[in-house]
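Student: show me how the following folds:
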Amino acid sequence: MSGLRRLGLDEIALRKGHKDFVVVLSDLDTHRLIGMAPARTHAAIETVLLDWGPAVLSAIEEVSIDLSGNYRGLVHRLMPQAEVVADRFHMTKLVNDELNQARNAFRRAPNDVPEGVSPEAAKAALKNSKSALLKPEERLTEKPT
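Tutor: The predicted structure is shown next:
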């Protein structure tokens with residue numbers, strides 16, 4: 001555990017469609033699983049974390065949790081020096097959902113279209129624009145018109 005600076009704390013279902021969850025603890029720098037709590041209760045997670053000892057817990061600088069914030073209080077209590085951040089999966093999902101809603105709203109009623117572009121042309125261009133918006137810029141190609 002020496003060298004652990006960034007901790008990921010996330011719950012996963014043991015079986016799809018079931019409500020049996022475990023909490024996985026991972027080193028965000030090495031992407032390795034370093035612990036598991038048998039339940040998603042604060043008591044179960046605290047037991048695992050306290051087994052690591054105060055030296056390990058005091059060295060943790062950042063803890064990534066999901067957007068619900070269920071574990072924020074636990075993290076602040078056991079690792080008060082650690083910055084709590086939202087995990088990348090949930091942030092990416094949130095941004096993609098917002099982008100999709102904005103794209104669809106504009107496609108249904110384009111208000112600000114560039115000069116010389118009709119609302120119908122703007123709607124047509126946005127109809128299949130999701131993949132172009134999500135694709136990295138270096139992988140975009142010109143589509144012949």
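Student: next, count neighbours for residue 76.
Tutor: Each residue near residue 76 was counted by other C-beta atoms under 10 Å, and the total is 13. No exception for glycine: its C-beta is placed from N, CA and C like everyone else's.
Student: helix, strand, or coil at it?
Tutor: Assigned state for residue 76: helix (three-state reduction, DSSP: H, G, I helix; E, B strand; the rest coil).
Student: quick check: closest non-adjacent residue to it.
Tutor: residue 84 (7.2 Å; C-beta to C-beta, 6 or more residues apart in numbering).
Student: just residue 90 next, same as before
Tutor: residue 67 (4.6 Å).
Student: now that neighbour: how far from residue 83?
Tutor: 16 Å (C-beta to C-beta, to the nearest Å).
Student: could you do residue 97 as well?
Tutor: Remark: distance between residue 97 and residue 83 (C-beta to C-beta) = 25 Å.
Student: contacts made by stretch 88-105 with the rest, please.
Tutor: Here stretch 88-105 makes contact (C-beta atoms under 8 Å, 6 or more residues apart in numbering) with 64, 66-67, 126, 129-130, 133-134.
Student: tell me which two of these sit farthest apart.
Tutor: Farthest-apart pair in those is 64 and 126; separation 33.8 Å (C-beta to C-beta).
Student: re the thing from before, of all the contacts of stretch 88-105, which comes closest to residue 77?
Tutor: residue 64 (17.2 Å).
Student: looks like that closest one contacts residue 28 (just checking).
Tutor: Yes. Under the criterion of C-beta atoms under 8 Å, residue 64 makes contact with residue 28 at 6.1 Å.
Student: need the residues touching each of those two.
Tutor: Between them, residue 64 and residue 28 share the contacting residues 6-8, judged by C-beta under 8 Å, 6+ apart.
Student: sweet, I'm off.
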